[in-house]
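Visitor: next come a sequence and a model predicted from it.
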Amino acid sequence: MATLLSNPTSPDPGQPHLVSLVLQSKKALQHGEQLCSRASSLSSTSAQHAVDVLALDAKVRWITDAVLQQLRLAAHVAKSIDQKRSQLEKQAEEWDILRNQRTDSLDAILDSLGSQAVPHDFHSASAGSSPFGSQPDSDEEDGRPLFGEQEHVPSQSPTETLRARSAKPKTNGISKARSAWKTLRDFVDERAVEDVLDVVESDRNAVDDILARTADYPESLSTTISAIEARVPLEIPLPSFQDIFTSQETASVKMAGHLESLTAHFEQMAATLRDSEAGEEFDEEDIQQMNRDTDELPAIIAELEDSVSSIAASHEQLLAAKRTAQQHLDTHRQTLDDLDELGEIISEMLERQQAVETESTEHIALLHHHLVTVEDLHHRFASYQYSYNKLLLELQRRRQYREAANNIVRGMMAQLSAMTEEERQLREEFSAVHGQYLPEDVCLYVQNAPTRWSVVPWNGEQVEILPELEDDLVQEAKDRTARADGPGLAGSQSL
């Protein structure tokens, strides 16, 4: 070809124009070949990118499923921790209800003790005759008793009643002196009761402190899980591979046809140039036809470029999908690192939660033991009040016994005195009628007066002294014991 173009055998006026047409055809063919080569390379690369996109998408999908499954397990752990905490909190709340019932009962019995007055004679007499006996000094004991005479100072009990003690019984017109009387509550060592309730309150607060260690675990886990889940890439929107490869195939076929046309045009123009150099002449119509064919070359090149752009666009679409998939895969690697860290955190949380459950269970069991102690206090105070009321009734019974015995003694003394007087008169009458006739030395004792009798306590014992009880106090004791002997009190006494 180069030889033909550079060494013409004969000059021809139309030859330069023909050479120009051949050169244009050759350039168009070379440009078309470059475009087709690029299109072929893009098509081959697109196929590889499509394989890479599918592989990356499969990895991303697999990792996404695994991550979501791990997050569901982590959410289940958070829910489990929350449920276990709720169970412990419910047990603590149920204990609070029982504690309130026990302390309310304790307050009620203390109020009742504070409303029942104790006659002054009961605790102002000597220790030997006091119904309560001697009260030991608390400083001389290792532990304070629950019953002991208390000073009139405000208490500081954890319960409402112990914080505000009941007032002394008001005067009701029966005896103004009762305003100075003590109550049964004055003989209760409330400091010992306060100590018991303080221990109960302290242990209850300890349970709250234990539960507070893991209070933020469920929320913290849920927040972390949500944050990781938010970073999990969404499903990759894959392009339609069929449409891409179909469009590329269509463009390739079209480009192949154009390349064949360019090749055929170049070969035709080269042959025409050889013929022209060989001396063949072409008429004006042939020249115009060749010009028209040459003028169509830019349009063919433009169509080739459009086809290459279409293939490049499809290639870029696949490349963008590959970059997106690779970014998702890189994000998953960071997510997997976060999951590993989350797994370590969950393991530590579970260990701490287990320790909290064990410690809380032990403390709740201890709290229930404290309730037994509080219930025992209530029983002891109820029994104390019950026994005091029984004491009042016993003293009243003894007064009745003493009165009955005194009545018998007084009746016997009166009867003996009357009999003695009657006997004296009979003896005097006998002596007056018959004494003058009897010698003085006969039956000397017939002149004796009748024996006089006296009834006294046996063996020189002192007469029993009992405190005076007003009728309203005795009636109050009867009413209280009647209520206490009802269904609930026999059980309390049996304790």
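Guide: All right, it came through fine.

Visitor: drop to CA atoms for contacts and neighbour counts, all remaining ones
Guide: OK.

Visitor: excluding chain neighbours, what is closest to Ile228?
Guide: Sequence neighbours aside, Thr335 is the residue nearest to Ile228 in space, at 6.8 Å (criterion: Cα to Cα, 6 or more residues apart in numbering).

Visitor: likewise for Glu423?
Guide: Closest to Glu423 by Cα to Cα, 6+ apart is Pro450, at 6.4 Å.

Visitor: contacting residues for the one you found?
Guide: 420, 423-424 (Cα atoms under 8 Å, 6 or more residues apart in numbering).

Visitor: using the three-state scheme, assign it.
Guide: Under DSSP: H, G, I helix; E, B strand; the rest coil, Pro450 falls in the coil class.

Visitor: before we move on, what about the one 4 residues further on?
Guide: Three-state assignment for Ser454 (three-state DSSP): coil.

Visitor: helix or strand with the lowest mean pLDDT in the protein?
Guide: helix 2-6 (a mean of 34; mean pLDDT, DSSP states H and E).

Visitor: packing partners of the next helix or strand after that helix?
Guide: Heading C-terminal from helix 2-6, the first helix or strand you meet, by DSSP states H and E, is helix 15-115. Applying 3 or more Cα pairs under 8 Å, 6 or more residues apart in numbering; DSSP states H and E, one finds that helix 15-115 contacts helix 160-163, strand 182-183, helix 190-212, helix 217-231, helix 241-277, helix 284-295, helix 297-434.

Visitor: tell me the mean pLDDT for helix 15-115?
Guide: Averaging pLDDT along helix 15-115 yields 83.

Visitor: gap between Ala108 and Val374?
Guide: 13 Å (Cα to Cα, to the nearest Å).

Visitor: now do Lys90
Guide: 21 Å.

Visitor: neighbour count winner among those two?
Guide: Val374 (21 against 12; other Cα atoms under 10 Å).

Visitor: got the contact list for the more buried one?
Guide: Contacts for Val374 (Cα under 8 Å, 6+ apart) come out as 102-103, 106, 196-197.

Visitor: and Leu329, what pLDDT?
Guide: Looking at Leu329, the pLDDT reads 77.

Visitor: then Ala299?
Guide: Ala299 is given a pLDDT of 79.

Visitor: how about Leu273?
Guide: Value for Leu273, per-residue pLDDT: 73.

Visitor: wait, it sits on Val19?
Guide: Yes - judged on Cα atoms under 8 Å, Leu273 makes contact with Val19 at a distance of 7.0 Å.

Visitor: compare neighbour counts for the two and give me the winner.
Guide: Neighbours per residue, other Cα under 10 Å: of Leu273 and Val19, the larger number sits with Leu273, 23 against 18.

Visitor: measure the more buried one to Phe266 for me?
Guide: In terms of Cα to Cα, Leu273 sits 10 Å off from Phe266.

Visitor: list residues touching both of these two?
Guide: Val22.

Visitor: what's the neighbour count on Ser44?
Guide: Neighbours around Ser44, by other Cα under 10 Å: 13.

Visitor: for the residue with the largest distance to the centre of the chain, give its distance to Arg424.
Guide: In the chain, the residue that sits farthest from the middle, by Cα atoms, centre = their mean, is Tyr437; the gap is 118.1 Å. Distance, Tyr437 to Arg424, using Cα to Cα: 20 Å.

Visitor: cool, Gln436 as well?
Guide: Applying Cα to Cα to Gln436 and Arg424 gives a distance of 18 Å.

Visitor: show me which of these two is the more surrounded one.
Guide: Using other Cα under 10 Å, the more surrounded residue of Gln436 and Arg424 is Arg424, with 16 against 9.

Visitor: how about the contacts made by that one?
Guide: Contacts of Arg424 by Cα under 8 Å, 6+ apart are 449-450.

Visitor: swap in Glu93?
Guide: Residues in contact with Glu93 (Cα under 8 Å, 6+ apart): none are found.
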